[in-house]
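Q: what follows is a protein structure lacking sequence information:
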């Protein structure tokens with residue numbers, strides 16, 4: 001049986017009640033997303049609360065984070081994880097379908113690690129299906145909702161499969177959002193990118209694209225990956 005929790009340097013994430021466990025995608029999103037100057041942050045599909053906690057750790061002391069999640073069990077676990085963290089007064093977990101979420105105040109930063117299997121085999125576990133398949137929240141619905149909630153100078157950051165990155169960027173342009181940063185993630189040297197992180201802005205500008213290699217060899221992490229995640233992982237100094 002896998003460990004029911006994941007210990008980070010400043011907080012612990014229990015994930016035994018969540019369909020989607022703590023994984024590299026969420027850690028990369030939480031570590032790579034810029035929160036500079038952000039006072040209001042929205043995490044769409046927070047799951048365990050991992051990304052919200054990571055952003056709280058390095059955002060402004062006065063910043064407020066709203067963490068949305070549709071699954072009841074995940075909401076309960078995210079609330080518990082956040083309650084036992086140093087930032088329980090700054091993160092609000094809401095059980096809400098993003099499609100029906102409204103806010104009178106705009107957000108400086110919006111992040112999402114969305115459902116990512118399109119037209120793939122449905123598994124018997126309904127909770128896991130909701131977390132992993134985008135039938136309940138398509139990329140188009142996500143982008144449409146984000147553009148209505150993003151502040152004028154705000155940024156939206158997402159982690160998605162590399163093979164849909166171009167499609168998502170085209171969809172975003174239809175809603176007036178433009179890719180300004182892109183990180184293609186490669187597991188090991190010589191491999192191909194299977195995950196991509198993209199940061200969108202309402203202002204069109206040249207997109208800076210980089211490649212991140214996670215491991216140089218088994219359990220030997222690249223300097224770039226260590227620099228990105230050392231604030232969080234216990235075993236990285």
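A: Structure received. All values reported here derive from a predicted model rather than from experimental measurement. Numbers count the residues shown, from 1 in each chain.

Q: end to end, how far does stretch 9-20 reach?
A: 21 Å (Cα to Cα, to the nearest Å).

Q: ok, now stretch 78-88?
A: First residue to last in stretch 78-88 (Cα to Cα) measures 11 Å.

Q: identify each buried residue in that stretch, please.
A: By neighbour count on 16 or more other Cβ atoms under 10 Å, the buried set for stretch 78-88 is 78-82, 85, 87. Just so you know, the C-beta spots here come from the backbone N, C-alpha and C atoms, and that holds for glycine as well.

Q: pull the helix or strand with minimum mean pLDDT from the protein.
A: helix 126-132 (a mean of 43; mean pLDDT, DSSP states H and E).

Q: TSV please, covering the buried residues of stretch 78-88 and showing pLDDT, distance to residue 231 and secondary structure.
A: Converted to TSV, these look like this (pLDDT from 0 to 100; distance: Cβ to Cβ, whole Å; DSSP: H, G, I helix; E, B strand; the rest coil):
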residue	pLDDT	distance to residue 231	secondary structure
78	97	21	helix
79	98	24	helix
80	98	23	helix
81	98	18	helix
82	98	18	helix
85	98	15	coil
87	98	14	coil
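
Q: ok, which pair from the residues you listed is furthest apart?
A: 80 and 87 (13.7 Å; Cβ to Cβ).

Q: quick one, longest strand in the chain?
A: strand 150-161 (DSSP state E).

Q: list of residues touching that one?
A: Strand 150-161 is contacted from outside by 25-26, 28-29, 32-34, 40, 106-114, 116, 139, 142, 146, 168, 177, 180, 194-203, using Cβ atoms under 8 Å, 6 or more residues apart in numbering.

Q: just give the closest residue to residue 204, not the sequence neighbours.
A: residue 178 (4.5 Å; Cβ to Cβ, 6 or more residues apart in numbering).

Q: for residue 162, see how far away the one you found is.
A: Relative to residue 162, residue 178 is positioned 19 Å away (Cβ to Cβ, to the nearest Å).

Q: cool, residue 196 as well?
A: From residue 196 to residue 162 the distance is 4 Å (Cβ to Cβ).

Q: which residues are common contacts for the two?
A: 184-185.

Q: quick one, which of those two is more surrounded?
A: residue 196 (22 against 16; other Cβ atoms under 10 Å).

Q: I figured the more buried one hits residue 182, correct?
A: Yes: using Cβ atoms under 8 Å, residue 196 is in contact with residue 182, at 6.4 Å.

Q: what residues are shared contacts of the two?
A: In contact with both residue 196 and residue 182: residue 165, using Cβ under 8 Å, 6+ apart.

Q: report the beta-bridge partners for the closest residue to residue 232 other than its chain neighbours.
A: Spatially, and ignoring its direct neighbours in sequence, residue 232 is nearest to residue 8 (4.9 Å; Cβ to Cβ, 6+ apart). Residue 8 has these beta-bridge partners by DSSP bridges: residue 233.
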